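Colleague: Take this sequence and fold it.
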Amino acid sequence: VSAPVTISEDFDVGANGHVPVEELCKGADPCVEVGQPPKAKLNLYLIGAAVAAVVGASGQFGYAIGMLNNIRPVIISDFQDNTTCDVDFDANNLSSATSKRSFELATAMICVGGLVSSLIAGSLSNRFGRKPTLLANNIVAIIGGFIMGFARSYAVLVTGRVFQGFAAGMGLVVVATYLGEIGPTALRGTMGAASQIGISLVILIATVLGLPQLLGTCGLWNVVVGGPILFAVLQLASLPFFPESPKFLYLTRNDAEGARAALRRLRGAGANIEVDIEEMEGEKQATAGITQLTFLEAIKVRSLRSRLLLTAMLHSSQQLSGINGVFFYSSAIYSSAGLSNVAVVALVPAVVNLIFTFVSLKIVDRLGRRKLMLIGLAGLIVSHLMLTAGFSFNKKYFDGVKGANWTAGLTITGSLGVVIFFSLGPGPIPWLIVCELFPLSSLAIGYILAGIFNWFMNFLVGQFFLDILLQLDPYGFLVFVGLSVAFLAATYYLLPETRGKRIEEVDMFYRTEASESAGYALLLNVGGKEI
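Modeller: Sure, this is the predicted structure:
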């Protein structure tokens, strides 16, 4: 053994006085210094648990984002009693004020349901458990899918979207908690990014299903909007085979044996689960005697107040990055840029989103959360400037005529840049960071605030993005440039690096900063500091 080793009395010493190598390396791969956790790695069972959780949670959100994009003109045509269903997929047919407002409402109403469910998701998962809450949430998703699948009017479609949003909001909060608690600390970023991968993959699936060559027709679009049923059934069939969160069992249920059993299944044969037990015991001791805080109680705690502000800022940056504008209305954007066959072109952002979310998964635990957020926001600024330049040049030199290739190329590059840099930072980091900032006593409050800001900003984008784009044409995306600049500065000053840190370490860091910083200086002191 090349590394220095501390020999404990628990080792069996051989007759020759030497300690056998297999004794030194109990549960370690490779041999590591005693007191240091073994190198964390994924196993098939842990991956399976993550997939089962993500498919019916993040999948609902991704489907809600992507499903209406390609079938937008079909729905509008069908609801206008166009019996011939003569739909021009390359036309921006939101010229009718009634159609535009009705479709914007259908687009944005998932946010109402998501906002409501995010207010109660943390409390429900703390009371009943992560796994039971995820499973019960599928009932809401199935109800929403059936309502939308039989919709023959905007009113019914909007009602179904509220149920769909409720299921998506509940799933996002609970799955972020579950993923953060079933993986080892060293892989917490990777596990958190799995949720964004699920969202990205399902956005692509929804976009493909909505193509006019597949289900994007007047006779089949109802099948597309009934898709949430499929993801609910998949989770109901798979998640029961995986354990409850060990952290929930240990800290909330005081079920140490249940937590150990879950950890043995999640870490794999021969894994040293005592590292995880030690970490959970540390958090338990640090929060001993502290009851679940209410929101009003939490904002009175100075060290929590700064974390709540950071959470609100990060989740606002996720939705005000402009990404949902690109996904909600990518067909309309590309049509306005003078491109043809926009239903197929709209697949490109979804594919790029999926690819770079995988990239984020590979590097989030190497580069860290702070660096990826700063890179992502800086890239968004450049990308939105390119989008603005593309629209501006197209209008100035070609008057929106199709075939203006070089301006269309600039527009496509800008829109793909938005997708790429969102996928690297503002996409996965905000949901991941919540479970790294708050101890269990205030975790529900953190997720409530995250949900409020995330869904409210999502609602604003869904309701007013197209109006901004049309009213400020061709400079609508400059709004997102200004917002990204503001979020970049806020992230630089407010976000410390939490990579690989235990919850009690992060909590102590903020408590120490709160005691040493006067007034609001705490807000500016933590950015870039090592915990």
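Colleague: any weak-confidence spans in the protein?
Modeller: For the chain, the stretches flagged by pLDDT under 70 are 1-40, 81-100, 289-291, 328-343, 398-405, 514-530.
Colleague: what are the ranges of the strands in it?
Modeller: Listed in chain order, the chain contains no strands at all (DSSP state E).
Colleague: Please report how far the spatially closest residue to residue 465 that is not a sequence neighbour lies from residue 224.
Modeller: Distances taken as CB to CB, 6 or more residues apart in numbering put residue 325 closest to residue 465, at 4.3 Å, once the chain neighbours are dropped. Quick note: C-beta positions are derived from backbone N, CA and C, even for glycine. Distance from residue 325 to residue 224, counting by CB to CB, to the nearest Å: 21 Å.
Colleague: which ones are touching the residue nearest to residue 465?
Modeller: 333, 461, 465, 469, 480 (CB atoms under 8 Å, 6 or more residues apart in numbering).
Colleague: need the residues you listed in JSON lines with neighbour count and distance to residue 106, can you?
Modeller: Formatted as JSON lines, the contacts of residue 325 follow (neighbours: other CB atoms under 10 Å; distance: CB to CB, whole Å):
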{"residue": "333", "neighbour count": "29", "distance to residue 106": "18"}
{"residue": "461", "neighbour count": "23", "distance to residue 106": "14"}
{"residue": "465", "neighbour count": "23", "distance to residue 106": "14"}
{"residue": "469", "neighbour count": "20", "distance to residue 106": "18"}
{"residue": "480", "neighbour count": "27", "distance to residue 106": "23"}
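Colleague: Summarise which helices and strands the biggest helix by length in the chain is packed against.
Modeller: Taking DSSP state H as the criterion, the chain has its longest helix at helix 440-471. Applying 3 or more CB pairs under 8 Å, 6 or more residues apart in numbering; DSSP states H and E, one finds that helix 440-471 contacts helix 97-108, helix 110-128, helix 154-182, helix 295-299, helix 302-319, helix 323-328, helix 330-336, helix 429-437.
Colleague: Would you indicate which residues of that helix are buried?
Modeller: By neighbour count on 16 or more other CB atoms under 10 Å, the buried set for helix 440-471 is 440-463, 465-466, 468-469.
Colleague: now do stretch 255-266
Modeller: In stretch 255-266, counting by 16+ other CB under 10 Å, buried: 255, 258, 259, 260, 261, 262, 263, 265, 266.
Colleague: which outside residues touch that stretch?
Modeller: 45-46, 49, 182-183, 242-247, 249-250, 271, 273, 276-277, 280.
Colleague: What's the local residue count around residue 473?
Modeller: Using other CB atoms under 10 Å, residue 473 has 13 other residues around it.
Colleague: quick one: it from residue 482, how far?
Modeller: Distance of residue 473 to residue 482, computed by CB to CB: 17 Å.
Colleague: for residue 384, same thing?
Modeller: 9 Å.
Colleague: Neighbour count for the two, which is higher?
Modeller: residue 384 (26 against 12).
Colleague: Could you report the separation of the more buried one from residue 414?
Modeller: Using CB to CB, residue 384 is found at 7 Å from residue 414.
Colleague: anything in contact with each of these two?
Modeller: With CB under 8 Å, 6+ apart, residue 384 and residue 414 have common neighbours residue 477.
Colleague: re earlier: could you dump the buried residues of stretch 255-266 into a markdown table with distance to residue 113 added?
Modeller: As requested, the buried residues of stretch 255-266 are arranged in a markdown table below (distance: CB to CB, whole Å):
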| residue | distance to residue 113 |
| --- | --- |
| 255 | 33 |
| 258 | 33 |
| 259 | 33 |
| 260 | 38 |
| 261 | 36 |
| 262 | 31 |
| 263 | 35 |
| 265 | 34 |
| 266 | 31 |
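Colleague: In terms of distance to residue 486, which of the residues you listed ranks first?
Modeller: residue 266 (40.0 Å; CB to CB).
Colleague: gap between the residue nearest to residue 310 when sequence neighbours are not counted and residue 312?
Modeller: In this structure, residue 310 finds its nearest non-sequential neighbour in residue 494, 4.9 Å apart by CB to CB, 6+ apart. For residue 494, the distance to residue 312 equals 10 Å [CB to CB].
Colleague: Which one's more surrounded, those two?
Modeller: residue 494 (22 against 17).
Colleague: need the helices for the stretch 251-400 of the chain, in chain order.
Modeller: Along the stretch 251-400 of the chain, counting by DSSP state H, counting those that start in this stretch, helices occupy 256-267, 274-286, 295-299, 302-319, 323-328, 330-336, 342-345, 347-367, 369-397.
Colleague: For the fourth one, name the packing helices and strands.
Modeller: Translated: helix 302-319. With contacts taken as 3+ CB pairs under 8 Å, 6+ apart, helix 302-319 sits against helix 295-299, helix 369-397, helix 429-437, helix 440-471, helix 478-494, helix 503-516, helix 521-525.
Colleague: chain center to that helix: distance?
Modeller: Computed by CA atoms, centre = their mean, to the nearest Å, the chain-centroid distance of helix 302-319 equals 15 Å.
Colleague: Now do that helix against helix 429-437, angle only.
Modeller: 160 degrees (axes from the mean of the first three to the mean of the last three CA atoms, to 10 degrees).
Colleague: Identify each buried residue in helix 302-319, please.
Modeller: Applying a neighbour-count criterion of 16+ other CB under 10 Å, one finds 303-319 buried in helix 302-319.
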